[in-house]
Every structure is written in C-alpha cells, then in structure tokens.
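>>> Sequence and predicted structure, then a few things I'm wondering about:
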Amino acid sequence: DTEVTQTPKHLVMGMTNKKSLKCEQHMGHRAMYWYKQKAKKPPELMFVYSYEKLSINESVPSRFSPECPNSSLLNLHLHALQPEDSALYLCASSQVATTSGANVLTFGAGSRLTVL
Amino acid sequence: RKEVEQDPGPFNVPEGATVAFNCTYSNSASQSFFWYRQDCRKEPKLLMSVYSSGNEDGRFTAQLNRASQYISLLIRDSKLSDSATYLCVVVASGGSYIPTFGRGTSLIVHP
C-alpha cells in the first residue's frame, strides 16, 4: 500500500469543468510535490510546497491552481483545461525539500486525467 | 544538454541475463542519486539510493562515478518481473534540492 493517497484515481472532465485532485500523506513529510506525466515520458515537476508554502512553480499555466491546506494535504484545482492536459498527475512527498539527502520522494498512485 | 541523461532503450534481455544501465548528469554540484522503478501505468517507486562507495541490494548493484559524472545500475540474474522503466534521479545542492529525473530506461526481460 502506498503511503501517499491520491483521489480520484481516474477523472474525466470537459474543458469548462472545475475539478480538484487531492493528495494526502501521514508520514510527517514537510515537502509535497505535483508532477505531470505523459506516456513514455518522465515525471515533469509542476509545483513544490515546502512547510506548506509554495516554493516552486515551474511556469505552470494558471488553469492549474495548487493549494496546501495543511502539512498532510495537497490539492490541485483544475479549471478550463485543454485536451493536451490529459495525463497522469502524480503527487509525491519527502521529508523536506531543503537538503539533498532528505528528499527521497514517495509517490502516490496518481490520478489519471482525461480532458474531453 | 539535458541535466540527466539516460539511454531510453528498450533493453530486451532473456531471463537470467545481466544488464547494466548508465545515467549521466551535468551538474557537478549533484549530491544525491537514486534509481526509481516505474511499472506501466503505475507510480515510480524507489529502487535504491546510490552511495559514493557503491551499494548492493540482492541482485541490484548501484555505483557512482563522480569524476565522470555518471551512475550505473547493474541487474544480475534478470527476472521477468524486472521488466519496467528505470528512472535515474539526481539532486543537486546549492539550489532548490529538487530531484531531477532522467527520461528512463525501458527494460524488457523475456522468457
């Protein structure tokens, strides 16, 4: 069983819909990440939260809006997406994101998003 | 030049074979190195960290060559269940300490 839980596992949405992806971890990790992965490509970093504050936004379009309500939860709000946004969205966590030896990533199982 | 480079493969090997993957990195300030395994349509999972002195975990051996800036993964006695994509991950110091992924190497072990 993965220690990072993502919901929903699958999501189909239209371009005008608003939906959210959720991620939860109870390992006491203080860094949480959103990655996007297309088929046969490596995970592509979107956002990093460190101690509940957004520390990295990899120039992600504003139709993706992250939120970190507390140290255990991470959301990704989706609005007005495009078909090319269809992908596997992976949440990950690590102890911290400030020292190289303490950021082994633990991934959730992912949310597979299809935008029609 | 990409920060972390891997041969995408696929490496197609018979059961019982020994196979090795390399991964090169461009940032000399890199400090932490990992191999992740990703099965089709699943999330990446940590296979092993890579230590300066090299390390072994059963049939898997990882090595680091700082002078040439590459890490390697050796799999001995390949099993069908080893078929997966192997992702090299590098973390550099002095910046954001964000793991950087290679594109992954696909391994197919056949009977």
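Yep, it's here.
>>> all strands in the chain, in order from the N-terminus.
Let's take chain A. A:4-7, A:10-13, A:18-25, A:31-37, A:44-50, A:53-57, A:64-70, A:73-79, A:87-94, A:106-107, A:111-115 (DSSP state E).
>>> Wait, chain B was what I had in mind.
Going by DSSP E, chain B shows strands at B:4-6, B:11-14, B:19-25, B:30-38, B:44-50, B:55-57, B:60-65, B:70-75, B:84-92, B:100-101, B:105-110.
>>> most neighbours per residue, which of those strands?
strand B:84-92 (a mean of 24; mean count of other Cβ atoms under 10 Å in any protein chain shown). (Each C-beta comes from the backbone N, C-alpha and C, glycine too.)
>>> interface residues of chain B facing chain A?
Contact residues, chain B versus chain A (Cβ under 8 Å from any Cβ of the partner chain): B:31-32, B:34, B:36, B:41-46, B:49, B:87, B:89, B:91-93, B:96-99, B:101-104.
>>> Would you mind listing where chain A has pLDDT under the threshold?
A:1-2, A:98-102 (pLDDT under 70).
>>> Tell me which of the strands of chain A lies nearest to B:Ile75.
Minimum separation from B:Ile75 across the strands of chain A (Cβ to Cβ) falls at strand A:106-107, 21.4 Å.
>>> how about the closest one, does it get close to chain B?
Yes: contact of strand A:106-107 with chain B (Cβ under 8 Å from any Cβ) involves A:Thr106, A:Phe107.
>>> now that strand, how far from the centre of its chain.
Distance, stretch centre to chain centre, for strand A:106-107: 11 Å (Cα atoms, centre = their mean, to the nearest Å).
>>> Partner strands of it, with direction?
The strands beside strand A:106-107 in its sheet (DSSP bridges) come out as strand A:87-94 (antiparallel).
>>> circling back to that earlier point, can you redo the strands of chain A as CSV with mean neighbour count?
Below are those laid out as CSV (neighbours: other Cβ atoms under 10 Å in any protein chain shown):
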stretch, mean neighbour count
strand A:4-7, 19
strand A:10-13, 14
strand A:18-25, 19
strand A:31-37, 24
strand A:44-50, 20
strand A:53-57, 13
strand A:64-70, 15
strand A:73-79, 19
strand A:87-94, 24
strand A:106-107, 22
strand A:111-115, 19
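>>> Dump the strands of chain B into CSV; add distance to A:Ser111 and mean pLDDT as well.
Shown next, in CSV, are the strands of chain B (distance: least, Cβ to Cβ, whole Å; pLDDT from 0 to 100):
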stretch, distance to A:Ser111, mean pLDDT
strand B:4-6, 25, 94
strand B:11-14, 30, 97
strand B:19-25, 28, 95
strand B:30-38, 16, 92
strand B:44-50, 15, 95
strand B:55-57, 30, 94
strand B:60-65, 30, 96
strand B:70-75, 29, 96
strand B:84-92, 19, 93
strand B:100-101, 19, 91
strand B:105-110, 24, 97
